[in-house]
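**Q** mind folding the following:
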Amino acid sequence: MAKRSRRRRFQGGRRGTRHAARALGTLLACAGIAGAAEEPSPEPKPTPPDTAEIRALPGYHAERVTSLSFPGEAYVIEAGPETGPPVLLIHGIARDGAHDWDEVIPVLAKHRRVLAMDLPGFGRSSKDPAQYRPMSYASFIDELIDPRIEGDFDIVSHSMGVSIALEVAARHPDRVKHLVVADAAAILHGHALSVGQIERGQEKLGAFGKLLNPVRNLSYDMMGNVSDGLIHRVALGIKGVAARTAAAALMAHDSGAALDVIRAPTLIIWGKRDEVVSPRGLWMLMYRIPGARYIVIDGSAHTPMRDTPAEFNDAVERWLAGDLTVGEALAPAEVASTRDGVCNRHKGSMEFSGAYRKVTIDHCGDVVLRGLRAQQIEITGSTVVGEDVIVSGGEVGISLVKSRLKLSGATITADVPLRFTGSEVDFAGVTFVGTETAVAADGDAKILCSLCRFEVAEEVERFHGFHEMKRGRSFGPAELQAARP
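**A** So this is what the prediction gives:
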């Protein structure tokens with residue numbers, strides 16, 4: 001009977017999936033984490049016209065255009081000298097569309113030809129039922145720029161607009177001169193977003209946050225058994241049919257292929273107080289876009305162009321003018337060190353940063369790796385979170401036993417970059433460089449990857465998804481190629 005019950009729970013097809021998702025949705029709602037996505041939205045207020053300041057700009061022109069990519073019409077704005085270098089502004093999930101750029105357009109239009117729009121589904125554009133996907137938006141933008149921009153152009157993007165900008169830049173690698181991405185939304189895998197949402201709720205609850213551990217564990221258990229669509233449905237709290245459709249499509253989107261071909265100098269801007277998207281996205285992009293630089297604006301939340309327009313505009317103007325010293329770059333990858341770092345049954349929090357030969361973490365509950373450079377990391381019976389990590393030089397880069405590791409922005413170079421057993425890993429923007437394989441399991445283990453990259457010998461593959469491993473199995477380019485239909 002016990003076996004039958006377990007089979008019904010995890011292998012019960014659509015019915016079992018629906019019950020599991022409903023359970024997670026109920027728990028999220030009770031915790032105050034997930035929004036009431038099923039509630040009817042009030043009639044939206046009409047989007048206001050362009051500001052008087054924008055309408056008074058030299059070369060200002062606004063029109064409604066039709067598109068082959070979407071039904072209805074889209075609202076498009078142009079401003080600035082017609083002979084100025086063109087710059088394309090792409091907003092995110094914003095009710096008023098291009099109004100997100102109200103503080104930016106007058107500044108850039110002094111010397112540049114600005115092209116902005118209300119993306120279909122937002123602002124003054126039509127909101128007919130459609131597939132509001134990043135790839136479709138990129139096609140829509142291709143239609144806009146073809147008759148309006150000759151030669152090179154720059155892109156400034158925000159939130160959902162970042163995924164769209166990455167696709168546009170990948171389609172025109174020789175034409176996009178400079179790229180600015182701000183507070184990228186939902187570039188994490190949908191399951192990672194769901195777990196992250198729960199963990200943010202735990203942080204807000206303080207000491208009571210531990211009460212949500214069953215919710216978090218259930219979300220992990222459901223990986224691979226619940227469809228992405230249902231996870232997205234219970235995780236989203238966005239009102240409006242078009243916005244919710246766009247958000248769900250965004251969560252299902254994989255930008256890995258685009259990131260592999262982008263060559264434009266890229267500046268990543270992030271609001272330090274952003275509670276909408278995780279800063280994991282910053283490190284993902286830093287490690288997946290060669291030569292990228294970043295700037296974190298202390299006083300900004302999710303919309304730095306509106307929260308701190310002076311700082312945002314200064315960074316953007318300098319970057320588009322060719323000042324590639326704006327912000328910070330990654331610390332050097334190779335830092336020789338003979339010191340070892342140890343956390344042994346430590347109950348409080350502990351952080352490792354800088355250069356080490358080896359880091360050993362044994363039964364510690366709250367360990368942070370930040371800006372770490374090491375030859376080897378061993379983790380046993382612990383929970384570890386890391387960002388901006390480079391491991392290089394050992395036979396095994398990171399070994400885990402009965403542990404949880406969340407890593408954002410990293411490169412692991414070894415014969416076997418990751419070897420684990422009885423563990424769960426959530427990797428974002430991590431590159432595995434191995435000679436034998438990328439990942440090896442000495443026991444049952446789970447790996448969740450967002451925009452990861454596997455390089456073994458001369459084989460290279462991207463991975464954006466969840467994989468459950470059994471003892472003695474390997475996972476890398478060969479396994480990904482074999483799994484393709």
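**Q** looking at this structure, which helix or strand is least sure?
**A** Counting by mean pLDDT, DSSP states H and E, the chain has its least confident helix or strand at helix 2-11, which shows a mean of 35.
**Q** and stretch 454-473, what's buried?
**A** F454, E455, V456, E461, R462, F463, H464, G465, F466, H467, M469, R473 (16 or more other Cβ atoms under 10 Å). The way it works is simple: take the backbone N, C-alpha and C, and place the C-beta from them, glycine included.
**Q** and which of those residues is nearest to R345?
**A** Closest approach to R345 among the buried residues of stretch 454-473 (Cβ to Cβ): M469, at 27.8 Å.
**Q** pretty sure the closest one is touching I447, no?
**A** Yes: using Cβ atoms under 8 Å, M469 is in contact with I447, at 6.6 Å.
**Q** low-confidence stretches in the protein?
**A** Residue ranges of the chain with pLDDT under 70: 1-44, 195-239, 335, 485.
**Q** again, only this time at 80
**A** Counting by pLDDT under 80, the chain has low-confidence residues at 1-45, 190-191, 193-241, 333-336, 483-485.
**Q** OK, contacts around the spatially most central residue of it?
**A** The chain has I187 as the residue nearest its centroid, 2.5 Å off, counting by Cα atoms, centre = their mean. By Cβ atoms under 8 Å, 6 or more residues apart in numbering, I187 lies in contact with V162, S163, S255, G281, M284, L285, S450, L451.
**Q** got a markdown table for the residues you listed, with secondary structure too?
**A** Formatted as a markdown table, these follow (DSSP: H, G, I helix; E, B strand; the rest coil):
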| residue | secondary structure |
| --- | --- |
| V162 | helix |
| S163 | helix |
| S255 | coil |
| G281 | helix |
| M284 | helix |
| L285 | helix |
| S450 | strand |
| L451 | strand |
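**Q** pipe those into TSV and attach distance to G341 and neighbour count per row.
**A** Listed next are the contacts of I187 as TSV, based on distance: Cβ to Cβ, whole Å; neighbours: other Cβ atoms under 10 Å:
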residue	distance to G341	neighbour count
V162	35	29
S163	37	28
S255	34	27
G281	27	26
M284	25	28
L285	27	26
S450	27	27
L451	28	25
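**Q** for the residues you listed, which two are the farthest from each other?
**A** Spatial extent of the contacts of I187 (Cβ to Cβ) is set by the pair V162 and S450 at 14.0 Å.
**Q** ok so, going back, filter the buried residues of stretch 454-473 down to the ones in strands?
**A** F454, E455, V456, E461, R462, F463, H464, G465, F466, H467, M469 (DSSP state E).
**Q** just list whatever residues bridge to the second one.
**A** The one in question is E455. In this entry, E455 is beta-bridged to V433, V460, by DSSP bridges.
**Q** contacts only, for it.
**A** T431, F432, V433, G434, A438, P477.
**Q** tabulate the ones in strands among the buried residues of stretch 454-473 (TSV), appending distance to G123.
**A** Formatted as TSV, these follow (distance: Cβ to Cβ, whole Å):
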residue	distance to G123
F454	40
E455	42
V456	46
E461	39
R462	33
F463	36
H464	30
G465	33
F466	35
H467	40
M469	46
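**Q** any idea how this protein splits into domains?
**A** For the chain, the structural domains run 27-330, 340-483, going by automatic domain parsing.
**Q** for the closest residue in space to N344 that isn't next to it in sequence, list each beta-bridge partner.
**A** Leaving aside its sequence neighbours, N344 sits nearest to D362 (Cβ to Cβ, 6 or more residues apart in numbering; 5.0 Å). According to DSSP bridges, the residues that bridge with D362 are N344, T380.
**Q** hmm, I377 and D362 touching each other?
**A** No: judged on Cβ under 8 Å, D362 makes no contact with I377 at a distance of 11.8 Å.
**Q** neighbour count for those two, which is higher?
**A** I377 (28 against 16; other Cβ atoms under 10 Å).
**Q** for A440, see how far away the more buried one is.
**A** 15 Å (Cβ to Cβ, to the nearest Å).
**Q** check C343 too.
**A** 24 Å.
**Q** before we move on, what about P477?
**A** On the measure of Cβ to Cβ, P477 and A440 end up 14 Å apart.
**Q** spit out the residues that contact M469 and I447 alike.
**A** Contacts common to M469 and I447, judged by Cβ under 8 Å, 6+ apart, are V439, F475.
**Q** and the buried residues of stretch 454-473, which is closest to D298?
**A** H464 (31.4 Å).
**Q** for that closest one, give me its contacts.
**A** H189, D254, G256, C449, S450, L451, C452.
**Q** could you rerun that using 6 Å?
**A** If you count contacts by Cβ atoms under 6 Å, 6 or more residues apart in numbering, H464 has them with H189, D254, G256, L451.
**Q** wouldn't the last one be in contact with G256 here?
**A** So the one you mean is L451. Yes: the pair L451 and G256 qualifies as a contact (Cβ atoms under 6 Å) at a distance of 5.1 Å.
**Q** and the contacts of stretch 128-143?
**A** 67, 69-72, 119, 121, 163-164, 167-168, 245-246, 249, 253.
**Q** one more time with 8 Å
**A** 67-72, 74, 88, 90, 117, 119-121, 160, 163-164, 167-168, 171, 241-242, 245-246, 249-250, 253, 255.
**Q** list buried residues within those.
**A** For the contacts of stretch 128-143, a burial check counting by 16+ other Cβ under 10 Å picks out 67, 69-70, 74, 88, 90, 117, 119-121, 160, 163-164, 167-168, 171, 242, 245-246, 249-250, 253, 255.
**Q** all helices for the stretch 251-400 of the chain, in order.
**A** With helices called from DSSP state H, counting those that start in this stretch, the stretch 251-400 of the chain shows them at 256-259, 280-288, 304-307, 309-320.
**Q** quick one: contacts for H467?
**A** Under the criterion of Cβ under 8 Å, 6+ apart, the contact list for H467 reads K446, I447, L448, C449, F475.
**Q** switch to 6 Å and redo it
**A** Applying Cβ under 6 Å, 6+ apart, the residues near H467 are I447.
**Q** ok, now the one 4 residues further on?
**A** Residues touching R471, when contacts are defined by Cβ under 6 Å, 6+ apart, comprise G443.
**Q** E63 now?
**A** Counting by Cβ under 6 Å, 6+ apart, E63 touches V76.
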